[in-house]
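**Q** prediction below, plus the sequence it came from.
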Amino acid sequence: MLLKKKKFQEKSDCSNIQMVFLQGVTNLIEEKKFEEALECFADNISKISYAQRSIYEEEIVILAEVVSTYCDDAYFLQVLQLYPQHPKLLFLYACILLRVGKLPFARRVTEKSLSVYPTDLRLLDLQERIRFKSVDRWHFRMLNDKVRNQCYYNAISRKISGGCKTVLDIGCGTGVLSIFATALGAKLVYACESSQILCSVAKDTICWNKCNSSIRLFCGESFQLNIPDTVPERVDLIISEIFDGGLLGENCLEVFEDAITRFGNVSYSSLIIPYRATFYVVGVSSLKIRNENRAVINDGALYSNVTDAPYNLEFLNPEDFECITDELKLFQVDFRSLDSIRSCQNYSDNISVKCIKDGLIDAFVGWFTLELDEVETLTNSPGTESCWEQAIFPTRKLVNIQKNDCLPLLVNILKGNKSHFVTIKVDRDDEVLENKLFASSLLVHRLNDPTWMNYIKECLNYLQQIQNKNSIVKVLLLSTSFLVLENDVNGVDFFVDSCVDVLFSKSFARISREQAIKADLRFDLIVAELVRESGTLSPEGFQNLEFWRSHLSTGGICLTRRLVIYILPVRSKYLELNSRVHDPVLFTREDLKFSNSINEYKTSHFEDIDLSSIDILSFSIPKKALILEYDEFYIDKYTSCKFKVNKKGQLDAFLYWFETKSFSNVSFNTRNSRSFKKAAYIVDPVEVEEGDVLNISVRYSPGYLNLKLISVQKCDKTKN
């Protein structure tokens with residue numbers, strides 16, 4: 001993105017001396033003086049004349065792209081006013097709004113831009129990212145969890161039938177529990193939600209269900225409510241569902257303590273739904289968890305990405321782990337009792353758990369039960385169909401135990417920045433593997449991926465063959481993923497883009513773009529990762545390669561010589577439940593509707609799909625939908641692909657993955673990889689039958705891909 005002085009010299013005859021500021025900004029950026037560059041840019045951008053706008057459009061847009069990475073939306077708006085319809089500037093402005101957290105504005109700018117440029121893949125991708133960030137996907141899972149919804153509905157029904165008429169709904173989200181209470185006869189419901197976007201969704205959903213007159217909606221936290229200004233009286237019933245997979249992660253303890261103290265009705269003994277929660281853990285041996293957190297290389301060193309974070313959230317199937325200890329009831333909290341809540345906030349205990357078999361303990365898996373009332377109970381125990389994930393507490397050390405051992409644990413409930421959380425520490429010093437070093441999750445995943453490691457070895461063998469013909473081979477690495485190299489390679493000099501974090505190899509020289517330009521450095525091989533670990537194309541990877549490939553030596557090559565995109569039509573309940581809401585959300589009532597407003601944030605593009613842990617039913621065989629040669633990487637492409645359906649069912653997604661071709665017989669397919677997840681495009685569910693033909697459009701722009709179902713050609717059964 002660096003501007004060449006030559007460009008300014010070529011245009012000097014038709015320019016004003018004022019335009020010297022462009023080169024000044026460029027020089028400041030090269031010197032890493034970003035604040036001064038931004039100030040210079042902002043001071044001068046509004047002074048550009050109409051004549052200069054067209055002459056220097058390319059340079060200004062390039063500079064604007066660089067500045068956009070660290071300026072705010074107010075600064076950038078000045079640039080946009082010069083070229084209000086420029087697609088790249090509109091895209092960058094929306095990206096800034098997304099970065100600074102102005103999601104509603106980012107959404108509006110993106111939608112306005114798409115009305116002018118409806119096929120711009122960058123804007124379509126940005127639209128998906130804004131939707132993802134605006135509303136967490138668990139809201140869709142939660143609304144689609146009919147068991148959860150029905151249990152809450154039943155519990156609320158019993159309390160209202162018992163005389164509760166006024167209700168406080170804390171963290172109401174889309175308003176579902178408030179609407180339940182109103183539909184069941186509550187006289188007045190006070191609902192609060194801290195997210196402005198969810199408040200807007202709740203407002204629309206309440207209107208749609210004609211509950212406006214009986215629900216008072218407040219946008220803010222429950223701590224901001226007070227009697228009599230916002231809530232005129234103490235309420236008969238408090239309802240809430242502010243729980244994560246680790247139970248306490250959404251600050252339920254402090255929220256309930258405050259709500260019962262200030263809003264609970266003494267005559268109803270502080271009725272609250274749920275009234276009690278119990279948290280359980282079990283020590284497990286799990287190759288899946290181990291591969292997510294630790295990797296061992298040939299010299300015996302252990303690389304771990306286990307941090308001080310209290311736990312991870314993940315859906316675990318029973319086949320993903322083996323129980324090594326007894327199930328342990330860690331703690332129980334009664335939300336009706338202030339003493340119980342306060343005791344839980346200060347919980348600390350030394351506990352021992354009995355081991356039921358020999359083995360390694362990789363983690364403790366945690367789950368909870370919620371007792372909504374004396375009848376209704378919910379749980380997220382492993383294997384249960386629930387909207388809540390399980391809490392995974394990786395051990396800081398791999399613990400080797402024997403059957404009948406009693407393993408000592410130190411358990412604490414600590415106060416974080418926003419909420420309380422559980423910590424579990426094995427109170428024993430033994431450790432199976434020594435020399436533990438911290439590493440990124442990406443590096444750990446790659447070291448544990450045999451497909452990737454074999455690919456790296458094949459690439460190194462090829463490099464060695466090249467080195468046999470040349471004195472020195474210069475290789476430039478644009479990604480940390482190639483840094484799984486354990487030893488130096490004779491005759492090969494490795495350079496790393498200065499933007500890449502080098503983790504543990506001292507033999508890699510750092511090189512910046514400025515240094516490469518000044519020294520006119522040339523490389524025999526450039527290693528760029530064009531596919532993200534999440535399963536999508538990498539816009540950043542394509543942008544980096546676009547600059548660095550001009551520094552290839554004569555005869556030099558990029559590691560990825562060909563990119564093949566595979567597509568498979570599938571049915572997946574997991575993808576369907578996480579992408580959009582399906583009415584009705586109850587087993588017993590179909591008149592209440594919740595999908596209209598929330599589905600404005602439904603997603604068409606899903607990534608980070610782990611095929612080993614979700615349900616997938618395929619309707620055809622995979623096809624190569626698009627093949628891109630190296631010289632086509634920066635050319636927009638459009639094609640179509642047809643699939644013949646081989647079974648009856650409901651189609652709702654198109655799964656895709658990649659194969660990268662490097663040297664003559666060296667390739668890497670992400671479908672066979674542990675470390676690369678998959679991605680999918682979601683479509684409105686459609687019933688298909690054997691013999692039907694699916695017609696898919698495939699659009700590609702550097703770093704972006706878009707799939708769309710064009711038509712379904714029904715099979716003519718009369719010909720059979």
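**A** Structure's in. What do you need?

**Q** where exactly do the helices run in the stretch 401-550 of the chain?
**A** For the stretch 401-550 of the chain, helices defined by DSSP state H, counting those that start in this stretch occupy the ranges 441-447, 450-469, 513-519, 539-548.

**Q** the stretch 51-200 of the chain now?
**A** In the stretch 51-200 of the chain, the segments counted as helices under DSSP H, counting those that start in this stretch are 57-67, 73-82, 87-99, 103-116, 121-134, 138-144, 146-161, 176-183, 196-208.

**Q** residues in contact with the third one?
**A** When contacts are taken as Cβ atoms under 8 Å, 6 or more residues apart in numbering, the neighbours of helix 87-99 outside the stretch itself are 61, 64-65, 68, 71-73, 76-77, 79-80, 83, 103, 105-106, 109-110, 112-113, 116-117, 120, 122-123, 126, 129-130, 133. Just so you know, the C-beta spots here come from the backbone N, C-alpha and C atoms, and that holds for glycine as well.

**Q** columns mean neighbour count and mean pLDDT on top of the helices of the stretch 51-200 of the chain, output as JSON lines?
**A** What follows is the helices of the stretch 51-200 of the chain, written out as JSON lines (neighbours: other Cβ atoms under 10 Å; pLDDT from 0 to 100):
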{"stretch": "helix 57-67", "mean neighbour count": "19", "mean pLDDT": "79"}
{"stretch": "helix 73-82", "mean neighbour count": "17", "mean pLDDT": "83"}
{"stretch": "helix 87-99", "mean neighbour count": "21", "mean pLDDT": "92"}
{"stretch": "helix 103-116", "mean neighbour count": "17", "mean pLDDT": "94"}
{"stretch": "helix 121-134", "mean neighbour count": "20", "mean pLDDT": "95"}
{"stretch": "helix 138-144", "mean neighbour count": "21", "mean pLDDT": "96"}
{"stretch": "helix 146-161", "mean neighbour count": "20", "mean pLDDT": "97"}
{"stretch": "helix 176-183", "mean neighbour count": "27", "mean pLDDT": "98"}
{"stretch": "helix 196-208", "mean neighbour count": "20", "mean pLDDT": "97"}
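
**Q** what pairs with Leu552 across the strands?
**A** Legend: beta-bridge partners of Leu552 under DSSP bridges are Phe523.

**Q** how many residues are close by it?
**A** A count of neighbours around Leu552, defined by other Cβ atoms under 10 Å, yields 16.

**Q** correct me, but it touches Ile526?
**A** Yes: the pair Leu552 and Ile526 passes the contact test of Cβ atoms under 8 Å, sitting 6.4 Å apart.

**Q** intersection of neighbour lists for these two?
**A** Common contacts of Leu552 and Ile526, defined by Cβ under 8 Å, 6+ apart, comprise Cys558.

**Q** out of the helices of the stretch 51-200 of the chain, flag the one nearest Ser381.
**A** Using Cβ to Cβ as the criterion, the shortest distance between Ser381 and the helices of the stretch 51-200 of the chain is 13.1 Å, found for helix 146-161.

**Q** report the backbone C-alpha coordinates of that closest one in CSV.
**A** This file holds the C-alpha atoms of helix 146-161, laid out as CSV (Å, rounded to 0.1, in the frame of the first residue of the first chain):
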residue,chain,number,x,y,z
LYS,A,146,-38.5,-25.9,22.7
VAL,A,147,-37.7,-28.0,25.8
ARG,A,148,-36.2,-25.0,27.5
ASN,A,149,-39.0,-22.6,26.4
GLN,A,150,-41.8,-25.0,27.4
CYS,A,151,-40.2,-25.6,30.9
TYR,A,152,-40.0,-21.8,31.5
TYR,A,153,-43.6,-21.4,30.2
ASN,A,154,-44.9,-24.1,32.5
ALA,A,155,-43.1,-22.7,35.5
ILE,A,156,-44.3,-19.2,34.9
SER,A,157,-47.8,-20.5,34.4
ARG,A,158,-47.9,-22.1,37.8
LYS,A,159,-46.6,-19.0,39.5
ILE,A,160,-49.1,-16.7,37.8
SER,A,161,-51.9,-19.2,38.5
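
**Q** how many degrees apart are it and helix 176-183 in direction?
**A** Interaxial angle, helix 146-161 versus helix 176-183 (axes from the mean of the first three to the mean of the last three Cα atoms, to 10 degrees): 40 degrees.

**Q** residues making contact with helix 146-161?
**A** Taking Cβ under 8 Å, 6+ apart as the criterion, the residues outside helix 146-161 that touch it are 142-143, 167, 176-177, 180-181, 184-186, 236-237, 239, 241, 271, 273-274, 372-373, 375-378, 385-387, 585-589.

**Q** next one: stretch 325-343
**A** Outside of stretch 325-343, the residues within contact range by Cβ under 8 Å, 6+ apart are 252-253, 256-257, 260-261, 269-272, 274-283, 344, 347, 351, 353-356, 361, 366, 401, 407, 411, 413, 422.

**Q** mind checking which of those are buried?
**A** The neighbour-count test (16 or more other Cβ atoms under 10 Å) applied to the contacts of stretch 325-343 identifies 252-253, 256-257, 260, 270-272, 274-283, 344, 347, 351, 353, 355-356, 361, 366, 401, 407, 411, 413, 422 as buried.

**Q** helices - which of these land there?
**A** When helices are assigned by DSSP state H, the members of those inside them are Cys252, Leu253, Phe256, Glu257, Ile260, Cys344.

**Q** who's the closest residue to the last one other than its chain neighbours bridged to?
**A** When you say that, I think you mean Cys344. In space, not counting the residues next to it along the chain, Cys344 is nearest to Val333; the distance is 4.4 Å by Cβ to Cβ, 6 or more residues apart in numbering. When assigned by DSSP bridges, Val333 has beta-bridge partners Ala277.

**Q** which regions of the stretch 201-350 of the chain sit below the pLDDT cut-off?
**A** Across the stretch 201-350 of the chain, the stretches falling below the confidence threshold (pLDDT under 70) are 266-270, 297-303, 306-308.

**Q** which parts of it are strands?
**A** Ranges of strands in the stretch 201-350 of the chain, per DSSP state E, counting those that start in this stretch, are 215-219, 237-240, 271-273, 276-285, 294-296, 302-304, 312-314, 322-323, 328-334, 348-354.

**Q** now find how far off-centre the fourth one is within its chain.
**A** Chain-centre distance of strand 276-285: 26 Å, with Cα atoms, centre = their mean, to the nearest Å.

**Q** please consider this matter closed, and thank you.
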